[in-house]
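S.K.: here is a sequence together with a model predicted from it:
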Amino acid sequence: MSDYLLAGQGSELERLLLQSEVWEPTGRRLLEQLGADGHGRRALDVGCGALGWLRLLSAWAGDTGSVLGTDVDADLLGCAATVAERDKLLNVRLLVDDLFASALQRRGFDLVHARLMIAPLGRAEEQLSSHLSLLAPGGVLVLEEPDCSSWSFDGPVPATQRLLALLADAFRAAGGDMNAGRSLPELLHARGLTPRVRTESVDLPPGHPFLRAPLAMAASLRPRLTALAGADELDALLVDAEAELSAPDRRGTTFTLVQAWARV
C-alpha cells in the first residue's frame, strides 16, 4: 500500500467523495461525446475509490450492462458500496484489485476509465499497459489527469501557493507529476492510438468546499510534506493557508482536468 501516494489515509474518504461530485458533470459530458450509449456493455473504473465514475457508468451501461469498480483500498470500496446501495446502482460490483498485478479478465471490458491515477503514481507506461490489456477489441480507454496551471485563487494567497508548490514537490519525490494531464495525448499516440482530448476547469464560488482541496491533500500527504518542510513549518503554513482559503469572499478555479480517450 505504501507505493500508492494517496492510499491508506483516513482523510482520503471525504476528499475523494467531494472530488467525484465536483468532476461528475465533466465526466458526463465526455460520455455524451462518445456518441453512443453503453447499454449492454461492460465498463471498468480503475481506482474508483469512494465513488469515481460508478454512477456515470451505471447509467451508461444500463440494466443489461455491468460496471466493475476496483481499488487497492478495501475501506474506500466499502464507502463506494454504501453509495452504490443508496443510489440503487444495481449493475455495479466492487473488487479489491491492484492494477500492477491485476487478476481481472484480459480483454474483458468495453470501456476502461481511470482518473487521477498517473499523477500520484508516476508509472504511466505500466499503467497504460495494464489498462489496454483489459480492453476488448473496439473498446474505449478514458484517462483523466490534472494540469495545475489553472489552479488559482482570487486575491493574494501566498501560504496556499507555497502549499501547492510543496504538494507538487511531494508528488515529484514519489515519482509522480501533478501536471500529468499535459502528457496524455503523447502517451496515447506513442501506443499507436488516436486520442481525442477535452479540458475543463471549475469555478469555485465563496464557500465552495473544494476551495479547501489543497488542505485536504496536505492532510493525506502529511508525512511526506513533513519530510520536505519540517513539522513546525508545515503546521504554520497550514494555519495561514486555512485562513486564506476560509476568507468569506475567496473565490477560485480548480486545476484543469485533461480528458483523453481513444478506441483500441
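M.R.: Arrived safely, thanks for sending.

S.K.: switch to C-alpha atoms for all contacts and neighbour counts from now on
M.R.: Will do.

S.K.: where do the strands sit along the protein?
M.R.: Remark: strands assigned in the chain by DSSP state E are 42-46, 66-71, 92-96, 109-115, 135-147, 152-153, 196-200, 203-204, 252-253, 256-263.

S.K.: turn the ones you listed into a markdown table, columns for mean neighbour count.
M.R.: Formatted as a markdown table, those follow (neighbours: other Cα atoms under 10 Å):
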| stretch | mean neighbour count |
| --- | --- |
| strand 42-46 | 25 |
| strand 66-71 | 24 |
| strand 92-96 | 18 |
| strand 109-115 | 23 |
| strand 135-147 | 22 |
| strand 152-153 | 19 |
| strand 196-200 | 15 |
| strand 203-204 | 17 |
| strand 252-253 | 18 |
| strand 256-263 | 22 |
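
S.K.: quick one: the helices in the stretch 151-264 of the chain?
M.R.: Along the stretch 151-264 of the chain, the stretches classed as helices by DSSP state H, counting those that start in this stretch are 158-173, 184-189, 213-220, 222-229, 231-245.

S.K.: which residues touch the second one?
M.R.: This means helix 184-189. Helix 184-189 is touched from outside by 125, 143, 145, 194, 195, 196, 197, 258, 260, 262, with contacts defined as Cα atoms under 8 Å, 6 or more residues apart in numbering.

S.K.: compute the first-to-last residue distance for stretch 56-68.
M.R.: Distance between the boundary residues of stretch 56-68 (Cα to Cα, to the nearest Å) amounts to 12 Å.

S.K.: check the average confidence over it, would you?
M.R.: Taken as a whole, stretch 56-68 has a mean pLDDT of 97.

S.K.: can you check stretch 38-49 too?
M.R.: 96.

S.K.: just the CA atoms of that stretch, as PDB, please.
M.R.: The C-alpha trace of stretch 38-49 is given here as PDB (Å, rounded to 0.1, in the frame of the first residue of the first chain):
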ATOM      1  CA  GLY A  38     -23.300   1.800 -23.400                       C
ATOM      2  CA  HIS A  39     -26.400  -0.400 -22.800                       C
ATOM      3  CA  GLY A  40     -25.300  -4.000 -22.600                       C
ATOM      4  CA  ARG A  41     -21.600  -3.000 -22.400                       C
ATOM      5  CA  ARG A  42     -19.000  -4.000 -19.700                       C
ATOM      6  CA  ALA A  43     -17.300  -1.000 -18.000                       C
ATOM      7  CA  LEU A  44     -14.400  -0.900 -15.600                       C
ATOM      8  CA  ASP A  45     -13.500   2.000 -13.300                       C
ATOM      9  CA  VAL A  46      -9.900   1.500 -12.200                       C
ATOM     10  CA  GLY A  47      -9.000   3.100  -8.800                       C
ATOM     11  CA  CYS A  48     -12.600   4.200  -8.300                       C
ATOM     12  CA  GLY A  49     -12.000   4.900  -4.600                       C
END
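
S.K.: residues in contact with that stretch?
M.R.: 16, 52-54, 57, 60-73, 76-77, 80, 99, 108-115, 117.

S.K.: for the protein, which helix or strand comes out least confident on mean pLDDT?
M.R.: The least trusted helix or strand in the chain, going by mean pLDDT, DSSP states H and E, turns out to be helix 12-33, with a mean of 93.
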